[in-house]
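1. this one's structure only:
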């Protein structure tokens, strides 16, 4: 049996206003393969887009148990996972926490792979991060934006 692939994912989220129009950008790389993904939303937050970028990047992976390194400039996402906060939030069923819908979705896909997060400084000329930022901003400026249903429901 062959070893699971090693995959590098760069992610970024953006929101113009917080909340405001937002988007995410993702660059997936494995060997000679490279794929870019992005999507924009009418009304959302920066943190939701940062987390959604990670989720969508992981959901795009086809081989289970892949070795994945995720580079993100989001302390919110990286610290929640690497410092173990998300497990405490899960035990309390995310009571009092924002973005429970996305954290639940993240945990479903997280357990399918071997994942390591690396925090990178934003806007520090790191090519993968810069490209994700560009994708996220462009996605947030599309003429047609999706509705972030999870965000809208949390506001009711």
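-> Great, that's in hand. Being a predicted model, the structure only gives us computed values, none of them experimental.
2. Return the list of helices and strands in contact with the helix or strand of the chain with the lowest mean pLDDT.
-> When each helix and strand of the chain is scored by mean pLDDT, DSSP states H and E, helix 149-154 comes last, with a mean of 92. Secondary-structure packing of helix 149-154 (3 or more C-beta pairs under 8 Å, 6 or more residues apart in numbering; DSSP states H and E): strand 33-44, helix 100-110. The C-beta positions use only the backbone N, C-alpha and C, and glycine is treated the same way.
3. Just the buried residues of it, please?
-> Buried residues in helix 149-154, counted by 16 or more other C-beta atoms under 10 Å: 150, 151.
4. can you list contacts of it?
-> Helix 149-154 is contacted from outside by 19, 41, 43, 44, 45, 48, 98, 99, 101, 102, using C-beta atoms under 8 Å, 6 or more residues apart in numbering.
5. One more: stretch 119-129?
-> Applying C-beta under 8 Å, 6+ apart, the external contacts of stretch 119-129 come out as 8, 10, 12, 27, 29, 71-75, 78-79, 82, 130, 133.
6. if we take these, which one ends up nearest to residue 156?
-> residue 74 (25.8 Å; C-beta to C-beta).
7. re earlier: how about a markdown table for the helices and strands packed on helix 149-154, with mean pLDDT added?
-> Below are the helices and strands packed on helix 149-154 laid out as a markdown table (pLDDT from 0 to 100):
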| stretch | mean pLDDT |
| --- | --- |
| strand 33-44 | 97 |
| helix 100-110 | 97 |
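8. With that, I have no additional questions.
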